[in-house]
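>>> No sequence on hand, only this structure:
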């Protein structure tokens, strides 16, 4: 209630209330707390995300993903298209190479292929041709087929399973989908195709596409950090009220720190705005009426932009000093002219006397 009242939500209308992001955030905060109280304690853990909202550095980590979300989504779409193409190639030509090791649950009802079936024989042949020949010649040992079939299963019998396998294992392995496929022999006819398939997936999907996504996120985070540092630098070297920089107060009677603390203290301006808002209009003075009207129309011309009283007074004092210096120089020059004039008159008087004597 204090947040809503201070934000003025009650007097802005329902539309402005619904469009206010911070108001919706606090409503969601309350709903989550109620769900944790009456439904399940798990909802309380969601409240830990409030730390991200309050800490600017963590919030920038989230913004690094959401700020260029369109670029990231389009790059991810490109990755899905490539995974789909590689899945089709695997389903059409490399279906028998998708044999994965699995750990079945003890009570799992999934059964492997029959020990005497051709599928089991092909599977064992790919795993170990020597064992397959031994099983074919001497028969299967007791319990061996079930153990082998329980540990391995085919993962590309359908196109959907191929897509899921390539998407799940291909993107999570550092070497791509080739890390989880069967290791082929160099004598097989499809050995060159497997090498090309594995290398293309590694270079195109793992190195290029995924690093494109990571690069966008990292560059966005670096930009956000640079913007934050720039804002902090501006706040440290520029007056928030008038916009004058620190170097304007060099060699002046008032320092920059004194200026932002006493002359243009931004909190004093905030207190004055609050005073104008809560004060009765009939009690306004002339300046207060002017400022109230400017605030109403969201006009900031009443702020002293690029000027300060201390600089104006210093400029005035400098002009006065220059005038005094010019006056002193003028007086000195007039005295010198008077002295030269007197000497010239004496010379004029001496010249006729000298001529008479000659």
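Looks like it came in fine. Predicted model only: the values in this text are computed from it and were never measured.

>>> Now do the same contact list for residue 249.
255-256, 259, 310-311 (Cβ atoms under 8 Å, 6 or more residues apart in numbering). Just so you know, the C-beta spots here come from the backbone N, C-alpha and C atoms, and that holds for glycine as well.

>>> quick one: it from residue 238, how far?
Distance from residue 249 to residue 238, counting by Cβ to Cβ, to the nearest Å: 11 Å.

>>> Kindly report the same for residue 274.
24 Å.

>>> again with residue 262
17 Å.

>>> which residues in the stretch 101-250 of the chain form helices?
With DSSP state H, counting those that start in this stretch, the ranges of helices along the stretch 101-250 of the chain come out as 118-127, 129-138, 144-151, 159-165, 171-172, 191-200, 210-237.

>>> Please say which of residue 262 and residue 238 ends up with more neighbours.
Set side by side, residue 262 and residue 238 show more neighbours around residue 238, with 16 against 11, by other Cβ atoms under 10 Å.

>>> Isn't the more buried one up against residue 245?
Yes: with contact defined as Cβ atoms under 8 Å, residue 238 counts as touching residue 245 (5.4 Å).

>>> still on that earlier bit, filter the contacts of residue 249 down to just the buried residues.
For the contacts of residue 249, a neighbour count by 16 or more other Cβ atoms under 10 Å gives the buried set as 256, 259, 310-311.

>>> Now go through these and say which are in strands.
Nothing among these maps onto strands, per DSSP state E.

>>> Using JSON lines, please lay out the residues you listed together with pLDDT.
Below are the buried ones among the contacts of residue 249 laid out as JSON lines (pLDDT from 0 to 100):
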{"residue": "256", "pLDDT": "86"}
{"residue": "259", "pLDDT": "86"}
{"residue": "310", "pLDDT": "77"}
{"residue": "311", "pLDDT": "78"}
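
>>> Check which residues of the helix or strand containing residue 71 are buried.
Assigned by DSSP states H and E, residue 71 belongs to helix 69-93. By 16+ other Cβ under 10 Å, the buried positions in helix 69-93 come out as 72, 75, 78-79, 82-83, 86-87, 89-91.

>>> now do stretch 19-28
20, 23.

>>> How far off centre is it?
21 Å (Cα atoms, centre = their mean, to the nearest Å).

>>> now it: mean pLDDT?
Taken as a whole, stretch 19-28 has a mean pLDDT of 81.

>>> Same question for stretch 92-100.
The model assigns stretch 92-100 a mean pLDDT of 89.

>>> Can you measure across it, start residue to end residue?
Stretch 92-100 stretches 18 Å from its first residue to its last (Cα to Cα, to the nearest Å).

>>> Run through who's touching it.
90, 122-123, 126-127, 152-157, 162, 165, 169, 180-182, 184, 190, 193-194, 197.

>>> Please list only the buried members of the residues you listed.
90, 123, 126, 152-156, 162, 165, 169, 180-182, 184, 194, 197.

>>> is it possible to export the contacts of residue 249 to JSON lines including distance to residue 350?
Output for the contacts of residue 249, formatted as JSON lines (distance: Cβ to Cβ, whole Å):
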{"residue": "255", "distance to residue 350": "64"}
{"residue": "256", "distance to residue 350": "66"}
{"residue": "259", "distance to residue 350": "66"}
{"residue": "310", "distance to residue 350": "60"}
{"residue": "311", "distance to residue 350": "59"}
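
>>> and of those residues, the nearest to residue 230?
Nearest to residue 230 among these is residue 256, at 18.7 Å by Cβ to Cβ.

>>> what's near enough to touch the residue nearest to the spatial centre of the chain?
Centroid-nearest residue in the chain, with Cα atoms, centre = their mean: residue 64, separated by 3.5 Å. Neighbour list for residue 64: 217-218, 220-221, 224 [criterion: Cβ under 8 Å, 6+ apart].

>>> neighbour-wise, which of these leads?
Result: residue 220 is most packed of the contacts of residue 64 (other Cβ under 10 Å), 21 neighbours.

>>> Report pLDDT for that residue.
So residue 220 comes in at 88 (pLDDT).

>>> got it, and residue 3?
With respect to pLDDT, residue 3 has a value of 53.

>>> Ok, residue 214 next?
On the pLDDT scale, residue 214 gets 90.

>>> same deal with residue 32?
For residue 32, the pLDDT comes out at 92.

>>> thinking it is in contact with residue 48, fair?
No: in this structure, residue 32 is not within contact of residue 48 by Cβ under 8 Å, at 10.7 Å.

>>> between those two, who's got more neighbours?
residue 32 (17 against 8).

>>> Which residues are in contact with the more buried one?
Taking Cβ under 8 Å, 6+ apart as the test, what residue 32 contacts is 43-44, 46-47.

>>> roughly how far apart are residue 33 and residue 52?
17 Å.

>>> er, residue 331 actually
Residue 331 sits 74 Å away from residue 52, going by Cβ to Cβ.

>>> Give me the more crowded residue out of these two.
residue 52 (14 against 10).

>>> Could you list the low-pLDDT ranges of the stretch 101-250 of the chain?
Across the stretch 101-250 of the chain, residues meeting the criterion (pLDDT under 70) sit at 107-150.
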